[in-house]
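Trainee: The following comprises the amino acid sequence and a computationally predicted model.
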Amino acid sequence: MATLEQECQEHVSRLRAALIDLYDSVGADPASPQDVSRKFRINKTLTWNIAKLLEASDGLAAVPHVPGGASIEKIIQATGAQGASSKLQTQVREAARDFERMIEVHVGDRATLDLIIDGMGPNGSLGLEQSRKRAFLGNSGIYGVQAKSSMMSVFLAPNPDDPEQIDMVMLRGIVGLRRLRPTVRIPIFRLRQWSKDGQKIGSSTWSPIEPGASDPFLTEFNRPNLPEIEAVHADDGVDYVLVPGPIGNRGAVDLFYCDMLRAGASRYSTPDDKTGEFGLTLTVPTRNLVFDLVVHRDLAFALDAEAIVYAFFFASGQREGDWDEASRLPIRNEPVEIAGSPPAVATPLVPRYPELHQYVHDQLGWSADEFRGIRYSLPYMPIGSSAVLRFDLPERP
């Protein structure tokens with residue numbers, strides 16, 4: 001029995017072929033939707049969708065551009081008035097009806113089909129693009145809070161006293177954070193630690209990067225000032241919770257947080273632990289994610305990291321190591337190299353970002369030109385999901 005994907009490909013291909021024949025018969029150029037709109041007096045949004053339908057790389061990619069039955073009939077009538085044969089008109093009409101019938105049999109309605117196709121991620125798609133954007137708007141209203149950008153930069157360097165161990169710095173930030181309801185109470189940073197070989201990494205081993213600071217928030221970079229934040233401790237980490245306060249732009253803030261761990265992990269693989277990974281769990285609806293991995297040249301192996309997005313953090317209840325692979329989301333973009341050494345990290349999504357990176361280097365006594373980096377970015381990352389950068393650890397020489 002044919003699958004939904006196979007039948008979708010088949011019926012869309014039939015409809016595309018019938019529309020191409022119909023357009024050819026009246027001299028309509030699908031690559032010029034504005035000309036078609038003017039010549040045949042058809043809505044330009046409709047002719048644009050037809051153009052996208054006919055130019056799509058495959059049937060699944062074309063589905064979002066397939067017009068509804070009423071719009072298809074407008075195309076048929078307009079081309080008929082210009083001399084298109086009844087045979088060609090019938091071919092288009094029947095192909096469109098068969099497509100609608102396929103939707104009814106498999107999923108019931110067009111809206112559900114669009115969600116399924118979005119999750120399949122046709123060629124050229126990052127995956128779940130429409131669903132992620134809709135979720136951002138919906139979750140902003142539901143949770144009463146949103147942000148322009150969330151960021152995390154992970155810095156790795158050999159420990160100066162024991163080069164087999166890695167020093168780690170976590171720089172986190174949230175830009176343009178604003179409440180949409182005054183009663184909002186939500187974690188903005190959720191910190192968890194884990195290790196596949198059972199190594200316990202307690203939250204108390206991490207320390208603020210600012211000398212003498214009582215907490216890891218970077219007072220120099222937060223603006224306009226640090227709102228009231230409550231630290232809620234758990235057995236496996238800590239949540240920093242935004243408490244009720246003013247709404248909208250008048251209460252908007254940029255917050256940055258940075259802590260470090262000296263000699264936090266081995267740079268070499270073991271029989272039980274062959275990979276290193278860092279993850280960011282999104283707790284606030286956010287338009288843009290910026291996730292950088294910046295490593296010393298002696299740890300260049302980490303730059304081959306792959307990016308994975310999981311729907312839930314430790315969904316299987318594991319605190320030490322195993323992600324629930326069943327919750328992996330069909331999002332397919334990969335990290336890209338950040339040019340330069342030191343990496344040219346500037347982005348309009350994060351204010352004073354190069355200064356933040358230089359501040360980290362200065363505090364750790366590192367030379368920035370000994371570091372390279374990669375960046376993973378994703379618009380509208382789903383709330384509650386976790387982006388993970390994972391890399392293979394080398395064997396001990």
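Mentor: That came through, no problem.

Trainee: Next, the contact list for the residue of the chain lying at maximal distance from its centre, please.
Mentor: Here the chain reaches farthest from its C-alpha mean at Gly83, the gap being 48.1 Å by C-alpha atoms, centre = their mean. Shown in contact with Gly83 (C-beta atoms under 8 Å, 6 or more residues apart in numbering): 25-26. (C-beta placed from N, C-alpha, C; glycine too.)

Trainee: What's the separation between it and Ile50?
Mentor: Here Gly83 is placed at a distance of 18 Å from Ile50 (C-beta to C-beta, to the nearest Å).

Trainee: Doesn't Leu22 belong to a helix?
Mentor: Yes - under DSSP: H, G, I helix; E, B strand; the rest coil, Leu22 sits within a helix.

Trainee: residues near it, how many?
Mentor: For Leu22, the count of nearby residues is 21 (other C-beta atoms under 10 Å).

Trainee: Excluding sequence neighbours, find me the nearest residue to Ser37.
Mentor: Nearest residue to Ser37, sequence neighbours excluded (C-beta to C-beta, 6 or more residues apart in numbering): Lys44, at 4.0 Å.

Trainee: repeat for Asp215
Mentor: In this structure, Asp215 finds its nearest non-sequential neighbour in Pro208, 6.3 Å apart by C-beta to C-beta, 6+ apart.

Trainee: and the closest residue to Ala368 other than its chain neighbours, which of the three is it?
Mentor: Leaving aside its chain neighbours, Ala368 sits nearest to Pro342 (3.7 Å; criterion: C-beta to C-beta, 6+ apart). Following three-state DSSP, we place Pro342 in the coil state.

Trainee: need the strands for this structure, in chain order.
Mentor: 145-158, 165-179, 186-192, 207-208, 229-234, 237-242, 253-266, 275-281, 286-296, 306-310, 336-338, 371-379, 386-392 (DSSP state E).

Trainee: Show me the one of these that comes nearest Gln77.
Mentor: In terms of C-beta to C-beta, the element of those nearest to Gln77 is strand 371-379, at 39.2 Å.

Trainee: which outside residues touch the closest one?
Mentor: Outside of strand 371-379, the residues within contact range by C-beta under 8 Å, 6+ apart are 126, 132-133, 155, 157, 287-297, 300, 303, 305, 307, 309, 331, 333-338, 341-343, 345, 361, 387, 389.

Trainee: Stretch 153-171 too?
Mentor: With C-beta under 8 Å, 6+ apart, stretch 153-171 has contacts from 151-152, 206, 209, 256-268, 278, 291-296, 298-299, 302, 345, 356-357, 360, 364, 366, 371, 389.

Trainee: Now do the phi/psi pair for the residue nearest to Ala368.
Mentor: Main-chain dihedrals, Pro342, degrees, to the nearest 10: phi -70, psi 160.

Trainee: Could you tell me how many residues sit around it?
Mentor: Pro342: 19 neighbours (other C-beta under 10 Å).

Trainee: I'd like to know how far it sits from Arg297.
Mentor: 11 Å.

Trainee: what distance separates the helix or strand of the chain with the lowest mean pLDDT from the middle of the whole chain?
Mentor: Ranked by mean pLDDT, DSSP states H and E, the weakest helix or strand in the chain is helix 59-62, scoring a mean of 79. Chain-centre distance of helix 59-62: 22 Å, with C-alpha atoms, centre = their mean, to the nearest Å.

Trainee: Which residue, other than its chain neighbours, is closest to Ala28?
Mentor: Nearest to Ala28 is Val36, by C-beta to C-beta, 6+ apart, at 5.0 Å.

Trainee: Please parse the chain into its domains.
Mentor: Per the record, the chain has its domains at 4-120, 129-392, by automatic domain parsing.

Trainee: Ramachandran angles for the residue farthest from the centre of the chain?
Mentor: According to degrees, to the nearest 10, Gly83 has phi 110, psi 10.

Trainee: Make a PyMOL selection of the buried ones in the contacts of strand 371-379.
Mentor: Applied in PyMOL, the following selects the buried portion of the contacts of strand 371-379 according to 16 or more other C-beta atoms under 10 Å:
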select buried, resi 132+155+157+287+288+289+290+291+292+293+294+295+296+303+305+307+309+331+335+338+342+343+345+361+387+389
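
Trainee: Give me the distance between Ser149 and Ile308.
Mentor: Noted for Ser149: a distance of 21 Å to Ile308, by C-beta to C-beta.
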